[in-house]
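In: have a look; sequence and predicted model below, questions after that.
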Amino acid sequence: YTTDCRIRMLKALGYCVYGFSLWHLVTNHIISFALCEGQSMYPTINSTESREFVLLEFWSKKRSRLKRQDIVLATQPDNPSVMICKRIAAMEHDRIPEKTTRTHHPQFSDKFLVPTGHVWLEGDNRSSSYDSRDFGPVPLALVHSRVFFRVWPLSKVGFL
């Protein structure tokens with residue numbers, strides 16, 4: 001190889017490393033997307049006939065700006081290989097919402113306060129959602145991002 005060819009190869013390699021680094025930074029720390037499946041957030045996300053792609057942002061979590069009614073993507077506490085998309089129904093030190101009528105844990109009544117560093121997650125479709133009513137409060141460390149925009153299907157594009 002000539003010196004000129006080596007320089008071009010090194011530049012190309014540098015651009016590839018730069019591009020991959022930028023892609024990694026953006027998709028892991030700023031904005032990303034996810035496919036939501038299942039009926040637990042119906043009718044907000046996942047109509048019965050299609051899968052829905054949503055955009056995620058990481059700044060709300062990193063800046064401790066999550067709030068009640070935000071839709072989040074989190075690791076399911078009792079099955080770490082599963083990601084769940086749920087709405088924050090209560091923040092730390094809040095009482096569990098009164099509308100929480102079904103729970104498999106007697107200690108989680110409407111008098112229960114969500115512990116420090118936890119949130120209470122519930123699906124919008126209460127009859128078919130596996131959520132905090134089943135597994136209890138979720139540590140904030142398991143919340144990955146906030147869902148803020150639907151990108152697919154095109155007929156439903158918009159902010160959530």
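Out: Thanks, I have it. Numbers count the residues shown, from 1 in each chain.

In: contacts, neighbours, all on C-alpha from now
Out: Fine.

In: all helices of the chain, in order?
Out: 3-29, 59-62, 132-135 (DSSP state H).

In: now stretch 25-42: buried residues?
Out: For stretch 25-42, the neighbour count (16 or more other Cα atoms under 10 Å) marks 31-32, 36-42 as buried.

In: wait, I meant stretch 63-75
Out: For stretch 63-75, by 16+ other Cα under 10 Å, it's 66-67, 70-75.

In: would you turn the helices of the chain into JSON lines with distance to Thr116?
Out: As requested, the helices of the chain are exported to JSON lines (distance: least, Cα to Cα, whole Å):
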{"stretch": "helix 3-29", "distance to Thr116": "24"}
{"stretch": "helix 59-62", "distance to Thr116": "15"}
{"stretch": "helix 132-135", "distance to Thr116": "15"}
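
In: reformat those helices as a markdown table; add mean pLDDT.
Out: What follows is these, written out as a markdown table (pLDDT from 0 to 100):
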| stretch | mean pLDDT |
| --- | --- |
| helix 3-29 | 87 |
| helix 59-62 | 82 |
| helix 132-135 | 86 |
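
In: tell me which of those sits most buried.
Out: helix 132-135 (a mean of 20; mean count of other Cα atoms under 10 Å).

In: so which of the buried residues of stretch 63-75 would you say is closest to Gly158?
Out: Of all the buried residues of stretch 63-75, Gly158 sits closest to Ile71, with 14.0 Å by Cα to Cα.

In: list the contacts for that closest one?
Out: Ile71 makes contacts with 85-88, 146-148, as judged by Cα atoms under 8 Å, 6 or more residues apart in numbering.

In: closest one of those to Gly158?
Out: Phe148 (8.7 Å).

In: ok, now which ones touch that closest one?
Out: Phe148 sits next to 54-57, 71, 159-160 when contact means Cα under 8 Å, 6+ apart.

In: for Lys11, same thing?
Out: Here Lys11 is in contact with no residue (Cα under 8 Å, 6+ apart).

In: picking that back up, could you dump the buried residues of stretch 63-75 to a markdown table with pLDDT and distance to Met9?
Out: Converted to a markdown table, the buried residues of stretch 63-75 look like this (pLDDT from 0 to 100; distance: Cα to Cα, whole Å):
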| residue | pLDDT | distance to Met9 |
| --- | --- | --- |
| Leu66 | 92 | 45 |
| Lys67 | 92 | 49 |
| Asp70 | 94 | 47 |
| Ile71 | 93 | 45 |
| Val72 | 95 | 43 |
| Leu73 | 93 | 41 |
| Ala74 | 93 | 42 |
| Thr75 | 93 | 41 |
